[in-house]
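K.L.:
Predicted structure and sequence below. I'll ask about it afterward.
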Amino acid sequence: MTSIFDQYEQAFQKSSVPSVADKSPQVPTTGFVNLKLEDETPMFTKQKVNFAPTNTITHLVVGGNTIVLAMANNVLLRINLSAPDVLEEVKLPFKLLNLFMDPSGTHTIATLEGSEIVYLLPGSAKTKSLSKLKGNFITSMCWTPMGVVIFGTAKGDIVETEIAQDYNPYIKQLFTINKRIFDIHYTQNVDQSEESLVLVSTVDRIYTFQGYINKDKPVFSNMFLTYLSRPESFIQEKNSLKFSHLRFFAPKDPSRSKLYAWYVDRGLLIQELGSAEAPVLVETAPGVVSFILTEFHVLLLYPDHVTGVSLLSKQMVFEDYYNETHGRLVDIVKDSVKGRVWVIAESAVFRYKVVREDRHVWLMYTEQAKTEQDWVRAKAACQDNPANLDIVTQKQAQFNFSCGEYEASALLWARTQAGLETIALKFLQEWQVDALRTYLKKKLERIHNEDKAQITIIVMWVMELYLYELGELRSGGQESSEQYRILQTNLDIFLALPQVTEFINNHKTTVYDLISSHGDKYNLIKLTIATKDYERHIRHLIQEEQYKDALSELCAKKNPLLWQTFVPTLLQGAPKLTVDTIISHKVQLDVDQLLSSLMSCADETVQIRFLEYSIYSGIQCQLQSVHNFLVLLYARHNEDNLNKYLVMQGTDPSLLNYDVHYALRVCREYNRMRACVTICCVLGLWEAAVDLALDKLDVDVAMETASLPSVHEGGDLKRTLWLKIARHVISEGNDIKAAVSFLEEAEELISIEDILPFFSDFTCIDQFKKAICDSLEKYYKHIVDLKDEMSEATRSAEEVRNDIQACGNRFYIVQNSDVCPLCEVELVNNAFYIFPCGHKFHSRCMIQNLDSEQRVTLETLSRTGEDSISSSSTGEVTYAAQGKNKAVDLFLSRECPFCGSHMIELIDKPFINEEDIERIALEWE
């Protein structure tokens, strides 16, 4: 249970920690991403260990998972942090002076009064005296990865030894500096070389010994041996204190320290190992008892509080005062392996939890950055935090901008969430158009496709900048300049970007309007081609009266919709060229939609050619309006083509593509009589057609017309037409020779007796003598043919009668062994039928073999016969029964079940009925 003093202490600790977040700049937001600053959890949180010492605590060492603390009553307590409730108590024989532990927590050495040195056995409450070390007042000790230990003494000796519980250590004095040694530390060189460093601190100096170590023991003898013949390397600082503290920090490997801090009277001197720069002074308040060093902070222990100072800003980041009930603060130590920080008071033990102490390092690096290396370090310190990285990048961009490096700042700002308009305004105020363009283009690369508004602004803005500069160069007559070429190339590259292409395809009108506003025809045409907006490109060519280029573009694209759109306009501007192109490329068009444009074309020759192509060659158009227009043009200009067209269309009114009545009216209007005759024939006005031919044309046309009626229209019609022509021929000249010639043309439709009435009474018929004889001969031949036909009919009737009589005398022989093929029972046992094919069946079997439809028919016949018997009188019953049996017999004996037509009808009928298929399939499973 937490006491009221501890609760007050925790509250005081929180209230004493200044918020570094107050110094953090706000992240600018543009609506792209709502960034959030880091959670300001305290970097160093104190936790009191649940431990109540029985006496005043004087020392504490920690390594790995083991803590050893010493109390004023000469008792050591060893605690395994994995099982903190189990305490190992070790009683010391003398007063404790110093306590040392290796980083792993395995070895613990205590120096006692009287120069006694003991080794705390692992896993035991006993100690072992290190007699060989006796007499050395050890003030500091350093554990190395090689398994050896180097320690410093109050006399200034540097000694190498080896600590182990199972054998006595060896002793090798390496060097002496004749001053009390307060701290000694081993590390490998920071440049990853094989050289080793040993740093030794006295009250006013730090010695640095550097060299190669031995593989054999003693390990450090050769390295220190070189300093016998050369002066030592050291840093000296005036120190009025009687002591000094030297602490190191190693990021990962304890054997490779990164930096050190040395406490003297004027404060902390901090320096990176291997750095040529002078140490940095961090001023501290007097009274420091001890301190530890982390990567970015130093924790200073005072008698009543702990203060945290940033190594970068040199500012205090927190201050933690302790309750007086815990007594004076004794020491602060850090586990070099696990990084845990421990603080001991006289009557309590505390542990600090370090939480992301590097959270504000990025900001401090940013505030100090001046070079590219500084900015790289600041960004690396952000640890992929997007909000922090954005702030650093904006700071760097502003720094470059203020230095006049506009292109570099544009590239950086494009990677941030800074407001688009704000940054663009900065460049415009300095009239840095190139940098602005770079910024916008790079910004576009980073925008998501879903952010349509930002894409619209950027694309239009970049295009405006390019078009403006191109327009300025054109106005100055610099279209051939290298600058113009570079700008145009960059614009082409920009327009080819996927995002820009997508935007243009979705906002073509807006983009075209922008380009048109700058009068840039070249880019307008180029863009229509690039976006495959062929309609706008062709329309532009037509507006420029470049009809040939427009037609070439249409031919190249082979798009029927484009042809359909622009042919009406092209027919007005270049009719002949347009029709020639359509015919040569066999373009398929909807002629009905083009008819009005075609009718307004001034060149009727072009109209005819287009219609002929539409009807005969390419399109095979059958629209009546198109055909009517062609009939009109033919009637006006070309009668021969009109006649050919009408003949080609045929005489079936249901198959004609033109309006017959309209065509007749047009042909009469333009006096095309031959065409009128043809149309009258189509309408079935044969007599009118012949009359028109005789009246307006000649006898040959009339005769040709009279020959056209088909057989189904009747021979009387042809006879009538030919008689009409004969009357005209005779009445015109009363020419006997012409009449005879006409009879030969009539092909027996009319005879001499038909035309004789047309002659006058006093006409000499000598020339008709042959025609009259031929007519009489024909009549005689016809009479003889009729007689022969009658004789043939009489003979055929006699043969039929003989065949009927012969059928009544046919018979078949039935053997006793004959069986019915349906039941395989002897045939003579029951009533049976014999068919002309030789098949024999029982009547009963035939009835059973009938299908459902035949059974219905048989039942109907039987029922009808039974009704007749029941309604008959007594004298008529026998006769009715005979009628019933006769009807059934006729039905059964009409055809053989095996040879009759019913068997043929069953060829495509399945053996199994559809309703039985599923049942039978289940039975077979």
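P.N.:
Now that the structure is in, tell me what you want to look at.

K.L.:
Mind listing what's buried along stretch 820-840?
P.N.:
Residues of stretch 820-840 classed as buried by neighbour count (16 or more other Cβ atoms under 10 Å): Cys820, Leu822, Cys823, Leu827, Phe832, Tyr833, Ile834, Phe835, His839, Lys840. Placement of C-beta: from N, CA and C, glycine included.

K.L.:
cool, and stretch 905-914?
P.N.:
Residues of stretch 905-914 classed as buried by neighbour count (16+ other Cβ under 10 Å): none.

K.L.:
pLDDT on it, on average?
P.N.:
Regarding stretch 905-914, the rounded mean pLDDT is 74.

K.L.:
same deal with stretch 790-799?
P.N.:
The model assigns stretch 790-799 a mean pLDDT of 81.

K.L.:
Then stretch 689-708?
P.N.:
The model assigns stretch 689-708 a mean pLDDT of 74.

K.L.:
ditto for stretch 615-627
P.N.:
Throughout stretch 615-627, pLDDT has a mean value of 82.

K.L.:
next one: it to chain centre, how far?
P.N.:
Counting by Cα atoms, centre = their mean, to the nearest Å, stretch 615-627 is centred 46 Å from the centre of its parent chain.

K.L.:
start to end distance for that stretch?
P.N.:
End-to-end span of stretch 615-627 (Cα to Cα, to the nearest Å): 8 Å.

K.L.:
what comes up buried for that stretch?
P.N.:
In stretch 615-627, counting by 16+ other Cβ under 10 Å, buried: Ile615, Ile619, Cys621, Leu623, Val626, His627.

K.L.:
So which of the residues you listed are in helices?
P.N.:
Taking DSSP state H, the ones among those that sit in helices are Val626, His627.

K.L.:
Identify the residues contacting stretch 198-206?
P.N.:
The contact list for stretch 198-206 (Cβ atoms under 8 Å, 6 or more residues apart in numbering) reads 142, 150, 152, 156, 158, 177, 179-187, 207-210, 220, 223, 234-239, 241-246, 248, 260, 262, 264.

K.L.:
The same query, at a cut-off of 7 Å, please.
P.N.:
Outside stretch 198-206, the residues that touch it by Cβ atoms under 7 Å, 6 or more residues apart in numbering are 150, 152, 158, 177, 179-186, 207-209, 220, 234-239, 242-244, 246, 260, 262.

K.L.:
What of stretch 845-854?
P.N.:
Cys820, Leu822, Cys823, Tyr833, Leu858, Leu892, Pro897.

K.L.:
what about the helices in the stretch 201-350 of the chain?
P.N.:
With DSSP state H, counting those that start in this stretch, the ranges of helices along the stretch 201-350 of the chain come out as 221-225.

K.L.:
quick check: domain ranges of this structure?
P.N.:
Listed by automatic domain parsing, the domain ranges of the chain are 44-362, 827-924.

K.L.:
With distance to Phe399 as extra columns, can I get these in CSV?
P.N.:
Listed next are the domains of the chain as CSV, based on distance: least, Cβ to Cβ, whole Å:
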stretch, distance to Phe399
domain 44-362, 15
domain 827-924, 88
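
K.L.:
winner for burial among those?
P.N.:
domain 44-362 (a mean of 17; mean count of other Cβ atoms under 10 Å).

K.L.:
And it, end to end?
P.N.:
Start-to-end span of domain 44-362 (Cα to Cα) is 18 Å.

K.L.:
That'll do, ta.
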